[in-house]
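Asks: Fold the following, please.
(one chain, ligands or ions: 1)
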Amino acid sequence: MDIEIVRNRFIKHFDGTTGSVYASPGRINLIGEHTDYNGGFVFPGAIDKGMIAEIKPNGTQKVLAYSIDLKDFVEFGLEEKDAPKASWAKYIFGVCREMIKRGVKVEGFNTAFSGDVPLGAGMSSSAALESTYAFALNDLFGENKIDKFELAKVGQATEHNYVGVNCGIMDQFASVFGKAGSLIRLDCRSLEYKYFPFNPIGYKLVLLDSVVKHELASSAYNKRRQSCETVVAALQKKHPHIEFLRDADMKMLAEVKDQVNAEDYMRAEYVIEEIQRVLDVCDALEKGDYETVGKKMYETHHGLSKLYEVSCEELDFLNDIAKKNGVTGSRVMGGGFGGCTINLVKDNLYDTFIADAKESFNAKFGHDPKVYDVVVSDGSRKLL
Ligand code: GLA
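Replies: A predicted model of the protein is given here:
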């Protein structure tokens, strides 16, 4: 993230004056995938890659927005009918609208932004963008009256209402609440959270980006969520207290086996197991038991690949290479359908693992995976 680039472009693109500068990060997630919209647990942390935006109120009712990375300029009004066509601008527009719905008197502004979260890599560049603007508009137009949870919900509601992805709260929560050096266990039903200092001595956390992003990922994502809701509806007939899959166990699930289709059943099976794995990983971390953490990560990968079916050939291949190299834990990270694996690897195995992953992946798919070392960092903030 380069603040100088943003400032220079802002000055050049607009009237030569400067505004305020805000930043929000992308995220990793150690374990707990597709559990957030099922009322379960997640275990994310913010990273040292994110979005930076410079913003200055312009005294009109128009937003003039410049995407530095895409070299694209868009102008839009602040009413519902003014939705921009450019997909990147929909995020900023959606955040404006969601802040207005929450009583913030958003007015027109000039803005330029840039980011270094790789797009489509499962590190939540979109949450970084939403959180940056939610945090900024709260500061510039809302006297910071909206609390941090509500800022995360502004980002989530933007996805639901202006982007068309029925996501959970994990990405926006991690982006807003991130803390350097700590992962955060979040209970997505109660929204209780706890910071876990994460500094595994003798291990590294590394992301391998397959650089594939599959089309229709968002409709496939929404379909997964629908499967979970279908199973909840079946479970409720006998157990009316069940609100989310979080409230069910495998015994209850078995009771409805012949009332739901095989695919929905597999999806629910994965989710119920995954929610438990997050808790197991937290226990293991507190004991410094990284072997168990890693074992659970492999179990998650298996579930995401075979039951939830959100992996792909490239990610399964990277997972196999990790296993072959004795990597402690590895799994597809984020929503899936392309993107990254997250790998917990012993320091002394790191170099050979990365070299083998690059060589074998390139031999099979014709290009190298990208490698990102993870630095767990702070959440949304004002920079200038
Ligand atoms: C995406 C969504 C999150 C979460 C993950 C999967 O990143 O935005 O809400 O569901 O997928 O864990």
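
Asks: switch to C-alpha atoms for all contacts and neighbour counts from now on
Replies: OK.

Asks: Minimum distance to the ligand, which residue of the stretch 101-250 of the chain gives it?
Replies: At 3.4 Å from the ligand, residue 168 is the closest residue in the stretch 101-250 of the chain, using C-alpha to the nearest ligand atom.

Asks: With adjacent residues omitted, what lies nearest to that residue?
Replies: residue 37 (4.5 Å; C-alpha to C-alpha, 6 or more residues apart in numbering).

Asks: And the helices in the stretch 201-350 of the chain?
Replies: 217-238, 250-255, 262-286, 290-302, 313-324, 347-365 (DSSP state H, counting those that start in this stretch).

Asks: Look up the residues forming beta bridges with residue 73.
Replies: residue 66 (DSSP bridges).

Asks: I'd like to know how many residues surround it.
Replies: Neighbour count of residue 73, defined by other C-alpha atoms under 10 Å: 15.

Asks: Spit out the contact partners of it.
Replies: Contacts for residue 73 (C-alpha atoms under 8 Å, 6 or more residues apart in numbering) come out as 64, 65, 66, 67.

Asks: Just the buried ones from these?
Replies: In these, burial by neighbour count holds for 64, 65, 66, 67, counting by 16 or more other C-alpha atoms under 10 Å.

Asks: Assign the closest residue in space to residue 145 that isn't next to it in sequence to helix, strand or coil.
Replies: Excluding the flanking residues, the one nearest residue 145 by C-alpha to C-alpha, 6+ apart is residue 138, at 7.0 Å. With DSSP: H, G, I helix; E, B strand; the rest coil as the basis, residue 138 sits in helix.

Asks: Around residue 85, count how many other residues there are.
Replies: Residue 85 has 10 nearby residues by other C-alpha under 10 Å.

Asks: Using the three-state scheme, assign it.
Replies: Assignment for residue 85 (three-state DSSP): coil.

Asks: From residue 132, how far out is it?
Replies: 21 Å (C-alpha to C-alpha, to the nearest Å).

Asks: again with residue 344
Replies: Distance of residue 344 to residue 132, computed by C-alpha to C-alpha: 29 Å.

Asks: who's more crowded, those two?
Replies: residue 132 (33 against 24).

Asks: Hmm, that one is touching residue 24, no?
Replies: Yes - using C-alpha atoms under 8 Å, residue 132 is in contact with residue 24, at 5.0 Å.

Asks: who touches both of the two?
Replies: 51, 52, 380, 381.

Asks: Report the rounded mean pLDDT for stretch 341-359.
Replies: Here stretch 341-359 scores 98 as its mean pLDDT.

Asks: residue boundaries of the strands in the stretch 1-150 of the chain?
Replies: 20-29, 41-42, 44-57, 62-67, 72-77, 109-115 (DSSP state E, counting those that start in this stretch).

Asks: tell me which residues of the fifth one are tucked away?
Replies: In other words, strand 72-77. Quick answer for strand 72-77 (16+ other C-alpha under 10 Å): 76, 77.

Asks: so of the strands of the stretch 1-150 of the chain, which one's packed in deepest?
Replies: strand 41-42 (a mean of 30; mean count of other C-alpha atoms under 10 Å).

Asks: So what touches stretch 85-104?
Replies: 65, 74, 76, 78-80, 83-84, 106, 126, 129-130, 133-134, 137-138, 141-142, 154-155, 157-159, 161-163.

Asks: same thing but 7 Å
Replies: 78, 83-84, 106, 130, 133-134, 141-142, 154-155, 158, 162-163 (C-alpha atoms under 7 Å, 6 or more residues apart in numbering).

Asks: just checking, which of those residues belong to helices?
Replies: 130, 133, 134, 141, 154, 155, 158 (DSSP state H).

Asks: filter those residues down to the ones near the ligand?
Replies: With the criterion set as C-alpha under 6 Å from any ligand atom, no member of the ones in helices among the contacts of stretch 85-104 is near the ligand.

Asks: what about whichever residue of the stretch 251-384 of the chain sits closest to the ligand, neighbour count?
Replies: In the stretch 251-384 of the chain, no residue comes nearer to the ligand than residue 335, which is 3.3 Å away by C-alpha to the nearest ligand atom. When neighbours are counted by other C-alpha under 10 Å, residue 335 registers 23.

Asks: how far away is the closest residue to it other than its chain neighbours from residue 6?
Replies: Of all residues not flanking residue 335 in the chain, residue 122 sits nearest, at 6.4 Å (C-alpha to C-alpha, 6+ apart). Using C-alpha to C-alpha, residue 122 is found at 24 Å from residue 6.
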